[in-house]
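> Here is the input, now give the coordinates:
(one chain, ligands or ions: 1)
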Amino acid sequence: MSTVLIFSNNPQSFTDAIGFLEVLKQKGLNVDKIIGVTSNNSANTEDIKKLGILELYLYDSKSTDDQIAKGLFQLVKKFSPNIILSSSSKTNNSILAYLSGLLSLPMLTEISDLLNATSDTLTLSRSVLAGRAYSIESVKLPAIITITPKKFTPSNLAATNDIKLDNLPLQDTTVKIVEVTPKKREGVKIEDAEIVVGVGRGFKSKEDLKLAFELASLLGGEVGCSRPIAADLRWLPEDRWIGISMKKIRPKLYIAIGISGAPQHMSAVDAKIIVAVNKDKNASIFSYSDYGIVADLYQFLPILINKLKKK
Ligand SMILES: Cc1cc2nc3c(=O)[nH]c(=O)nc-3n(C[C@H](O)[C@H](O)[C@H](O)COP(=O)(O)OP(=O)(O)OC[C@H]3O[C@@H](n4cnc5c(N)ncnc54)[C@H](O)[C@@H]3O)c2cc1C
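The predicted structure follows:
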C-alpha cells in the first residue's frame, strides 16, 4: 500500500478516514502518503495538518458534484491511490458514486469494520437493510470506500509540519444549479432530547398533532415524526423527521403514537424505553416496544394528558 486519497466535502469528517487508516496499519499495511480533498470554505489547514495529510486539494463550495468528481478523477489518474476513502454522508457518497462510474472502480459504502487486509484485498463489514444486518464483503484494490461516521476514531495522529496546498482541477460542468432553496427548519434538536414523542400517519390532521405537542410539553420532551408526516404531508419540518433518511435519536423514552414501526423508522431509534400506542394489535411497532398500548390515540391521549396535568 502506498498512497491513499481522502475525500470529504466537510473536512471535519476526515477523522473517520484517518481512524480507518490506523486500523489498516494495525493489520500490517503501510500508508506512505495521504492526499486530502475538501471544500475550501470550511477547511482549517492547521487542524488538517494534525491528521498527517501531506497534500491538500481544495475546491469552491459552489462546485457541482460532477465537477468535483471529475476533479477527483484527475487526481486519481495522477497519484494512482490504492484506496479512495471517505466518511459516509449523502454528499460524499453522491460525489464518489460519480467517481466510481468514471473510473469503473468498485465502491463500498457504510463500512463499520475492517476484518482483514492484504496488499490487494480488503475484507470489510458493512451495514445493510437499514442497519438491521451486517454484510461481510471483500474488495480488490484499488477501491472507493466510505465509512460509517464515528466508527473509527484515531488515537495516534501523525501531524505534518508542512502541508502542500493546491486547487482541485475543476472541469466544466454539465449540471447547472438554477436555484438553492434552504429547507424550512425550526432548529429543534430531537437527537439531543431525553424524551421524544413520535407522531405518525395515525393522526388524521395537522391540527390533531397538538395532542402530541401537549404531551411532549408535559413530559419535557420534543416531538419527532415518521417520514410521511414531514416528507409527504409536510405537517412538520424535516428536523423532526426520525429515520434512516434523516435523524437518529437516542432518548431515554420514546413514545411512538400512530406509527406502524417500519424498519426505516425504527432503525434510527435507540431508546432505553419504547412505548407504542397503536389501534392495530398486530402493528410491528409492538415488537420493538417495552410497553404497548392497543388503543385509538384519539381516545387514549386526552385521558393520558388529563392524568399528567393532575400530577
Ligand atoms: C428508502 C426508504 C427510506 C425511508 N426512510 C424513512 C425514514 O427515514 N423515516 C420513516 O419514518 N420512514 C421512512 N420510510 C418509510 C417507511 O417505510 C414507512 O412507510 C413509514 O415509516 C410509515 O410511517 P407511519 O408509521 O407514520 O405510517 P403508517 O405505516 O401508515 O402507519 C400508521 C399507523 O398508525 C396506526 N393508526 C391509525 N389510526 C390510528 C389511531 N386512531 N390510533 C392509533 N393508531 C392508529 C395504524 O394502525 C398504523 O400502524 C422510508 C421508506 C423507504 C422506502
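
> can we go C-alpha only for contacts and neighbour counts from here?
Fine.

> domain assignment for this protein?
Split into domains by automatic domain parsing, the chain comes to 3-167, 190-310.

> Just checking the distance from the shortest one to the centre of its chain.
Mean C-alpha position of domain 190-310 versus that of the full chain (Cα atoms, centre = their mean, to the nearest Å) differs by 22 Å.

> Give the rounded mean pLDDT of it.
Averaged across domain 190-310, pLDDT comes to 96.

> List, one by one, the residues from the stretch 151-300 of the chain near the ligand.
For the stretch 151-300 of the chain, the residues in contact with the ligand (Cα under 6 Å from any ligand atom) are 200-202, 226-228, 242-246, 258-262, 264-265, 277-280, 283, 295-298.

> buried subset of those?
With burial judged by 16 or more other Cα atoms under 10 Å, the buried subset of those is 200-202, 226-227, 242-244, 258-261, 264-265, 277-279, 283, 295, 297.

> mind checking how far residue 93 is from residue 201?
Taking Cα to Cα, to the nearest Å as the measure, residue 93 falls 31 Å from residue 201.

> Kindly provide the whole-number mean pLDDT of the host helix or strand of residue 24.
Here residue 24 sits within helix 14-26, counting by DSSP states H and E. Per-residue pLDDT over helix 14-26 has a mean of 93.

> Off-centre distance for that helix?
Taking Cα atoms, centre = their mean, one finds helix 14-26 lying 18 Å from the centre of the chain it belongs to.

> Check which helices and strands that helix is in contact with.
Packed against helix 14-26 by the contact rule (3 or more Cα pairs under 8 Å, 6 or more residues apart in numbering; DSSP states H and E) you find strand 3-8, strand 83-87, strand 107-117, strand 143-147.

> tell me the most buried of the ones you listed?
strand 83-87 (a mean of 28; mean count of other Cα atoms under 10 Å).

> Name the residues that touch that strand?
The contact list for strand 83-87 (Cα atoms under 8 Å, 6 or more residues apart in numbering) reads 3-8, 13-14, 16-17, 92, 141-149.

> what lines up beside it in the sheet?
strand 3-8 (parallel), strand 143-147 (parallel) (DSSP bridges).

> re the thing from before, mind checking the helices and strands packed on helix 14-26 for the one nearest to the ligand?
Across the helices and strands packed on helix 14-26, the ligand has its closest neighbour in strand 107-117 (15.2 Å, Cα to the nearest ligand atom).

> so how far is residue 134 from residue 141?
Noted for residue 141: a distance of 21 Å to residue 134, by Cα to Cα.

> now swap in residue 11 and tell me
If you go by Cα to Cα, the gap between residue 11 and residue 134 works out to 27 Å.

> Equivalent analysis for residue 20, please.
From residue 20 over to residue 134 (counting by Cα to Cα), the distance is 18 Å.

> Have a look at these two and say which one is more surrounded.
Shown here are residue 20 and residue 134; by other Cα atoms under 10 Å, residue 20 has more neighbours (24 against 17).

> what about the more buried one, distance to the ligand?
From residue 20 across to the ligand, the span is 27 Å (Cα to the nearest ligand atom, to the nearest Å).

> Quick one, grab the pLDDT at the spatially most central residue of the chain.
In the chain, the centroid-proximal residue (Cα atoms, centre = their mean) is residue 89; its distance is 5.0 Å. Looking at residue 89, its pLDDT reads 91.

> got the contact list for it?
If you count contacts by Cα under 8 Å, 6+ apart, then residue 89 has nothing around it.

> Kindly report the same for residue 277.
Applying Cα under 8 Å, 6+ apart, the residues contacting residue 277 are 255, 256, 257, 258, 259, 292, 293, 294, 295, 296, 297.

> same thing but at 10 Å, please
If a contact means Cα atoms under 10 Å, 6 or more residues apart in numbering, then residue 277 has 199, 202, 255-260, 283, 285-286, 289, 291-297, 300-301 as its contacts.

> what's the answer for residue 228, then?
By Cα under 10 Å, 6+ apart, the contact list for residue 228 reads 199, 200, 201, 234, 235, 236, 241.

> is it true that it lies in a helix?
Yes - counting by DSSP: H, G, I helix; E, B strand; the rest coil, residue 228 is part of a helix.

> I'd like the numbering to begin with 7 instead of 1 from here.
Okay, residue one is now 7; in that scheme the one you just asked about reads as residue 234.
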